[in-house]
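Novice: Let's see this in three dimensions:
(one chain, ligands or ions: 1)
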Amino acid sequence: MKKKFFIIDTSAILSGKPLSFPDATIITSPGVSDEFHPGGRDFQRFELLKETGLSIQMPTKDSLKMVKQTAQKTGDDRRLSPADIEIIALALDINREEGQEATLLSDDYSVQNIASTLQINYQGLVQKGITKKFKWVSRCPGCGKQFNEIKKICPICGTETKNHLSQKKKL
Ligand SMILES: [Zn+2]
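Specialist: Below is the predicted model:
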């Protein structure tokens, strides 16, 4: 039987679903970890996950490159955050080792799309309409403008933007 790994993204952590899997290792990436700040919402949940065995690993450069190339082909490259690319690349790293099997836990459509293209197992967590909604936004560190979609470069001042998660209020 293959050793199982679950790789979780920010949406999986925010889903509020229990994320403990017997006989499996749970991993996430530094980019996902960076989404959780002391004092911020869901920081404690993230800390608790780390205390109960969540490990943070950096994917290899080769895998990161393969994910970026695949995303360009499928047209998902503009919708994937650096953290998204990292978790997909982690899955590639794990699957490359004999006797290991990775499953991505993500509700992000682009992550699922790339996973499917690269023949990586994935599962969604959130059932529509039940959990909180959130979306990625970009903020320009140069001029401070926020964009309601992912932009790599600020169209106003040309600075490279930073992506972060914005939670929509419940209706
Ligand atoms: Zn700007």
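Novice: shaky segments in the chain?
Specialist: 126-135, 165-171 (pLDDT under 70).
Novice: Residue 137 touches residue 164, doesn't it?
Specialist: Yes - Residue 137 is within contact range of residue 164, at 6.5 Å (criterion: C-beta atoms under 8 Å). Heads up, the C-betas are built off the backbone N, CA and C, glycines and all.
Novice: interface residues of the chain facing the ion?
Specialist: 140, 142, 143, 154, 156, 157, 159 (C-beta under 5 Å from the ion).
Novice: rerun that using 8 Å as the cut-off
Specialist: 140-145, 154-159, 161 (C-beta under 8 Å from the ion).
Novice: List buried members of those by neighbour count.
Specialist: Buried members of the residues of the chain next to the ion, counted by 16 or more other C-beta atoms under 10 Å: 140, 154, 161.
Novice: the helices in the chain, which residues?
Specialist: 10-14, 30-33, 43-51, 61-74, 82-96, 109-117 (DSSP state H).
Novice: Can you lay out the ones you listed as CSV showing mean neighbour count?
Specialist: Shown next, in CSV, are the helices of the chain (neighbours: other C-beta atoms under 10 Å):
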stretch, mean neighbour count
helix 10-14, 24
helix 30-33, 19
helix 43-51, 14
helix 61-74, 16
helix 82-96, 24
helix 109-117, 20
